[in-house]
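Undergrad: Output the structure for:
(one chain, ligands or ions: 2)
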Amino acid sequence: MLNVENVSVRFGGLVAVDDISFETRTDSILCIIGPNGAGKTTLFSVLSGFLRPTSGRVRFDDLDISSMRADQVALAGISRTFQIVRPFRDMTVLDNVMVGAYASTRHYHEAREQAMHIIAEVGLDKKRDFLAAYLTLPDLKRLEVAKALATRPTYLLLDEVMAGLNLPEQHQVADMIETIHQRGVGVLLVEHSLAIVQRLGQHVLCMDSGRKIAEGTAEDVIRSEAVQVAYMGVGNV
Ligand SMILES: Nc1ncnc2c1ncn2[C@@H]1O[C@H](COP(=O)(O)OP(=O)(O)O)[C@@H](O)[C@H]1O
Ligand SMILES: [Mg+2]
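TA: Residues are numbered from 1 along each chain as shown. Ligands and ions are numbered 1, 2, ... in the order given. From the prediction side, this is the model:
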């Protein structure tokens with residue numbers, strides 16, 4: 001269980017995350033939507049230990065992770081991808097993933113085994129020995145997910161992994177996310193594509209200006225007046 005309790009993040013005078021609370025479990029996929037600047041990435045930074053909340057706390061089962069560092073949070077079982085893909089471009093796919101695998105083992109063969117397994121899971125096995133610099137965007141997104149999976153997370157946080165992909169490619173990434181989720185990994189996903197939100201989002205949360213403005217099923221959230229106003233600037237007529 002991941003419990004977010006009244007989390008706020010201030011940058012000087014700006015409240016980027018404003019009193020956000022929710023909970024999620026490994027048996028669900030949580031989609032976070034909201035306009036640019038809503039605070040979604042900042043919230044992910046708090047959940048993954050890259051930022052400390054100004055107030056509030058995050059509990060992962062019985063562990064308070066709000067004041068832990070990113071490496072400690074990753075070891076505890078929460079791993080994230082970044083909105084801007086940033087692989088080690090001069091390293092192969094396999095080596096990129098092995099870097100993550102070394103978080104949970106010091107042994108070369110174990111790290112390699114684990115990395116190969118994950119690379120197959122994300123569908124990059126044929127490109128294992130390619131340099132990251134030569135991957136296409138959809139494959140870079142898969143690599144980003146593989147790097148995050150290499151630390152064997154309980155929860156995986158995916159920040160706009162579909163951005164820049166066309167709809168068939170988005171659905172292929174959604175297939176991969178469903179496979180990962182089915183083996184027991186909790187997934188939190190920042191997503192803009194409504195087709196994907198409707199496909200994956202049993203549980204959807206919408207943020208605007210740091211605040212939670214709606215939460216529920218994809219259908220309920222997308223139809224809610226607050227979300228219509230935030231996205232389209234119109235109320236129900
Ligand atoms: N490190 C930072 N310092 C100052 N302001 C920031 C920082 N990171 C994000 N912000 C601001 O916080 C707000 C939320 O940003 P962000 O979390 O990236 O939104 P989203 O991911 O929903 O687009 C924005 O106004 C952004 O400019
Ligand atoms: Mg963002």
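Undergrad: Please make it C-alpha for all contacts and neighbour counts, starting now.
TA: Will do.
Undergrad: for the protein, what spans make up the helices?
TA: Using DSSP state H, the helices of the chain run over 40-47, 70-76, 93-101, 108-121, 137-149, 167-182, 194-200, 218-223, 225-232.
Undergrad: between those, which gets nearest to ligand 1?
TA: Set against ligand 1 and scored by Cα to the nearest ligand atom, those come closest in helix 40-47, at 3.7 Å.
Undergrad: counting contacts, what elements does that closest one pack onto?
TA: Counting contacts by 3 or more Cα pairs under 8 Å, 6 or more residues apart in numbering; DSSP states H and E, helix 40-47 packs against strand 14-24, strand 155-159.
Undergrad: Please render those strands as CSV that adds distance to residue 223, mean pLDDT and mean neighbour count to the earlier fields.
TA: Formatted as CSV, the helices and strands packed on helix 40-47 follow (distance: least, Cα to Cα, whole Å; pLDDT from 0 to 100; neighbours: other Cα atoms under 10 Å):
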stretch, distance to residue 223, mean pLDDT, mean neighbour count
strand 14-24, 20, 98, 18
strand 155-159, 23, 96, 25
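Undergrad: Tell me which of those strands sits nearest to ligand 1.
TA: Per Cα to the nearest ligand atom, nearest to ligand 1 of the helices and strands packed on helix 40-47: strand 14-24, 4.3 Å.
Undergrad: who touches that closest one?
TA: Strand 14-24 has contacts (Cα atoms under 8 Å, 6 or more residues apart in numbering) with 1-10, 30, 37-39, 42-43, 56, 209-212.
Undergrad: Sheet-wise, list the partners of that strand with their directions.
TA: Strand partners for strand 14-24, identified by DSSP bridges, are recorded as strand 2-11 (antiparallel).
Undergrad: Now do the partner strand and strand 155-159, the angle between them.
TA: Angle of strand 2-11 versus strand 155-159, following axes from the mean of the first three to the mean of the last three Cα atoms, to 10 degrees, is 40 degrees.
Undergrad: Right, I'll leave it there.
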